[in-house]
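S.K.: 3D, please:
(2 chains)
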Amino acid sequence: MIDCLWMVPLLPFAGFVSLFVSGGRLRAPVVAAIGAGSVGLAALLAGAIAVDYLAVVPPGGAVRQVLWHWMTVDGFTPSITLYLDRLSLVMMLVVTGVGFLIHLYSTEFMAGDEGYNRFFAYMNLFVGFMLVLVLAGDLLVLFVGWEGVGLCSYLLIGHWYRDAANGLAARKAFFVTRVGDAAFLVGLLVLFTQLGTTDIALLLQEAVKRWPAGSTFAVATAALLLGGALGKSAQLPLQTWLPDAMAGPTPVSALIHAATMVTAGVYLIARMHPLYELAPLVQLTVGVLGALTLLLAAIAALGQTDIKRILAYSTMSQIGYMFLALGAGAWPAAIFHFMTHAFFKALLFLAAGVVTLSLHHERDIFQMGGLRREQPLAFWAFLIGSAALAALPWVTAGYYSKGLILERAWGAGPAGYWLWAAGALGAFLTALYIFRAVFIVFFGELRTRPSGTHGLRMGVPLMVLAVLSIGGGWLDVPSLLEPLFGTQVAAPPAGSSMARVPEMLVTGLALLGVCLAYVLYLWRPDLRVRWLALPGIARLQRLSFSGLGFDRLYDRVLVRPFLWLVRVNRDDIFDAAYNLVASGIRLAHHGLSGTQTGVLRWYAAGMVFGTVLLLGVAVWG
Amino acid sequence: MTATLTDHALLIAVVLLVLGVSGVLVRRNLLFILMSLEIMLNAAGLAFVAAGARWAQADGQIMFILIITLAAAEVAIGLALALRIYRHFRTLDADALSGMRG
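M.R.: Below is the predicted model of the structure:
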């Protein structure tokens, strides 16, 4: 079965090609069958491959599959290589599994949309590129997948392109991630010129062999790759695109902007982890940026009124946790949190999709309310997802993954305590903002009556993801991944009563957040009104609503100076030179086209005149 | 053949050619333009024959036969085109057919 690895990315690509070529001539059920079916088959195949892999772990823990040689230029022979080890196995399973559930959901969610065919074509293309990204054995191939998912993200954010705002959001996402991608590309080229190969396994071996810890090249390349990861994963300072990316359809937000693509940065750093171990300073930066992002995004999420923007900031914040884990050297914990996050955040988005669909795409949470009885499935799904996001103890997946991250951060040396403190504060804020949404949307009085109901194709993915959000934490992914990464961080000594204190503190903070949300938004709303009346609070709320003003900052510092430069530079001397050439040609054109009278005799006269002239030159010249 | 005769023959050829050229340039009816072209071809033929006689070479007469053949082919195509043009535009006025004006 492992030999069929190449078919896993091929299936979604085949789905894309058949949908794209058909160009909307297929009927909707056929489109749905191809779109969801190709990803479903890929998921089944991925499952079979996982069973094979785990039954007999291949020597070295990895399978390489060289498909073909890309090119041969002066000894440089990158090849299209698929590489399956424990890390890419987990990523592949999550991408195909969650991807299939979201495709299934979309078949009903997008029903009646005029771009139904286009939507599924691009979704399939996305899954294909994402699989290329996670299965790539060569950094160049990984880069192809990396750019491919960025393209699909752009295409799908702008799915409803008739609204200009959606197109702008798509462009913003593309430009901002492009900044990071440029850094990634430079880092890739530096790695290649220094180490002479782009094969990831060879590259890391060479790097460890040649570069001492903290050497310039190790730090520079690690920092450049980090730049790419920051852009893709919407971390400080390249985070501004993600909230606007919510302009896309909800399944797109669930698949691309929550579960898979935005975590590509985490995957990249985990995949290149030996490089980061050579550059401890950069690794610490990863952790610090993650901690900052998780706090800022959580604060921004508190002030949002759009349910999807709350979830977008929450995604940013949770990826902040993953970066924090990477910074603390807890690689398996980061991937574990990626997996549980994919489950519960996809669940939250899909549940929010059910709600907004029944309210005619109303996204303002203050227009919702009391939907508990009207939408029981969405309510329970959202509640389970929120509980997992807030890491409520024992029965949620998020509790185990987030707990592991904080436990490892606590044990990661002096900087680790600060990271832990940020994570713990983040746990409180997370519980507060997500249960704020839960209490406003599903409790209280009914503000807008929902219409319509959802069928099985939307219900089943919700149920499966809910089960995974509860049970996903019991899958022992960290110890599956340990052999790949080695044990970087010693686990705190078990059994001592002191070791449990930080963990209990975090749990306590999360529960406190839920209680505070209950008090402020359900039990005593008057307290909230009095709190908002305090001086300065309204400004704080506006700041939080605008995502801490980063959009304005970038507009002032980058966009406006650039536009000014463009305006100033519009009529420069070079343009004048080119305009002269253009107007000269236009003049000659007008002069010569006058001779084309269309009168036959005029042409004959011209020919006679020319002949006489030539003869005269030949005879007397 | 004496030099004087050759001179006369060439003079006639030049006159014929000028007649043909001015016919092409002055006439507006396609049929007359075709006829003027024939005159020009004959002028060239006469020049060939005269030159062949002057130097007692057969080449001039061979060229003349070639020109006659060419003229026959040209007339066949030219008349066919003129017919089609007349059917299509209901006119043979060359100045009216100025659809290729730039």
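
S.K.: going forward, measure contacts between C-alpha atoms and count neighbours the same way
M.R.: OK.

S.K.: quick one: pLDDT of residue 23?
M.R.: Picking chain A for this. Predicted confidence (pLDDT) for A:Gly23: 77.

S.K.: let's do chain B instead
M.R.: pLDDT, read off for B:Gly23, is 92.

S.K.: what about the strands in the stretch 351-500 of chain A?
M.R.: Taking DSSP state E, counting those that start in this stretch, the stretch 351-500 of chain A contains no strands at all.

S.K.: SS state for whatever residue of the stretch 151-300 of chain A ends up closest to chain B?
M.R.: The stretch 151-300 of chain A approaches chain B most closely through A:Arg162 (41.0 Å), counting by CA to the nearest CA. Following DSSP: H, G, I helix; E, B strand; the rest coil, we place A:Arg162 in the coil state.

S.K.: Tell me, how many residues neighbour it?
M.R.: By other CA atoms under 10 Å in any protein chain shown, 9 other residues sit near A:Arg162.

S.K.: and what of A:Ile573?
M.R.: Per other CA under 10 Å, the neighbour tally for A:Ile573 reads 10.

S.K.: For A:Tyr83, grab phi and psi.
M.R.: The phi/psi pair for A:Tyr83 (degrees, to the nearest 10) reads phi -140, psi 120.

S.K.: Quick check: what element follows the helix or strand in which A:Val266 is found along the chain?
M.R.: Using DSSP states H and E, A:Val266 maps to helix A:264-271. Proceeding C-terminally, helix A:264-271 gives way to helix A:273-278 as the next helix or strand, assigned by DSSP H and E.

S.K.: what packs against that next one?
M.R.: Packed against helix A:273-278, as judged by 3 or more CA pairs under 8 Å, 6 or more residues apart in numbering or on different chains; DSSP states H and E, are the following elements: helix A:200-210, helix A:216-232, helix A:280-302.

S.K.: Dump these to CSV, plus distance to A:Leu553 and mean pLDDT.
M.R.: Formatted as CSV, those follow (distance: least, CA to CA, whole Å; pLDDT from 0 to 100):
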stretch, distance to A:Leu553, mean pLDDT
helix A:200-210, 38, 87
helix A:216-232, 17, 90
helix A:280-302, 15, 90
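
S.K.: could those helices go into CSV alongside distance to chain B and mean neighbour count?
M.R.: Formatted as CSV, the helices and strands packed on helix A:273-278 follow (distance: least, CA to the nearest CA, whole Å; neighbours: other CA atoms under 10 Å in any protein chain shown):
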stretch, distance to chain B, mean neighbour count
helix A:200-210, 62, 16
helix A:216-232, 55, 25
helix A:280-302, 65, 25
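
S.K.: Pipe those into a markdown table and attach distance to A:Asp476 per row.
M.R.: Below are the helices and strands packed on helix A:273-278 laid out as a markdown table (distance: least, CA to CA, whole Å):
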| stretch | distance to A:Asp476 |
| --- | --- |
| helix A:200-210 | 25 |
| helix A:216-232 | 26 |
| helix A:280-302 | 24 |
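
S.K.: Run a quick neighbour tally on the closest residue to chain B within the stretch 301-450 of chain A.
M.R.: At 57.0 Å from chain B, A:His361 is the closest residue in the stretch 301-450 of chain A, using CA to the nearest CA. Using other CA under 10 Å, A:His361 is surrounded by 12 other residues.

S.K.: gap between it and A:Val354?
M.R.: Separation of A:His361 from A:Val354 (CA to CA, to the nearest Å): 10 Å.

S.K.: How about A:Asp306?
M.R.: Using CA to CA, A:Asp306 is found at 15 Å from A:Val354.

S.K.: what does chain B have sitting close to chain A?
M.R.: Proximity of chain B to chain A (CA under 8 Å from any CA of the partner chain) is limited to residues B:21, B:24-26, B:28, B:94-102.

S.K.: Can you list which of these are found in strands?
M.R.: Among the residues of chain B next to chain A, no residue falls in strands (DSSP state E).

S.K.: May I ask which of these has the most neighbours?
M.R.: If you count neighbours using other CA under 10 Å, the busiest of the residues of chain B next to chain A is B:Val24, which has 24 neighbours.

S.K.: got the phi/psi numbers for A:Val73?
M.R.: According to degrees, to the nearest 10, A:Val73 has phi -130, psi 110.

S.K.: Who does it form a beta bridge with?
M.R.: Counting by DSSP bridges, A:Val73 is bridged to A:Phe76.

S.K.: Give the buried residues for stretch B:35-51.
M.R.: For stretch B:35-51, burial by neighbour count (16 or more other CA atoms under 10 Å in any protein chain shown) applies to B:36-51.

S.K.: Ok, stretch A:530-549 next?
M.R.: A:541, A:543-548.

S.K.: any chance of those in JSON lines, plus pLDDT?
M.R.: Shown next, in JSON lines, are these (pLDDT from 0 to 100):
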{"residue": "A:Gln541", "pLDDT": "80"}
{"residue": "A:Leu543", "pLDDT": "81"}
{"residue": "A:Ser544", "pLDDT": "81"}
{"residue": "A:Phe545", "pLDDT": "82"}
{"residue": "A:Ser546", "pLDDT": "81"}
{"residue": "A:Gly547", "pLDDT": "78"}
{"residue": "A:Leu548", "pLDDT": "79"}
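
S.K.: can you pull the contacts of the closest residue to A:Gly547 other than its chain neighbours?
M.R.: In space, not counting the residues next to it along the chain, A:Gly547 is nearest to A:Ala300; the distance is 4.9 Å by CA to CA, 6 or more residues apart in numbering or on different chains. Each residue near A:Ala300 by CA atoms under 8 Å, 6 or more residues apart in numbering or on different chains is listed here: A:313, A:543-548.

S.K.: No more questions from me, cheers.
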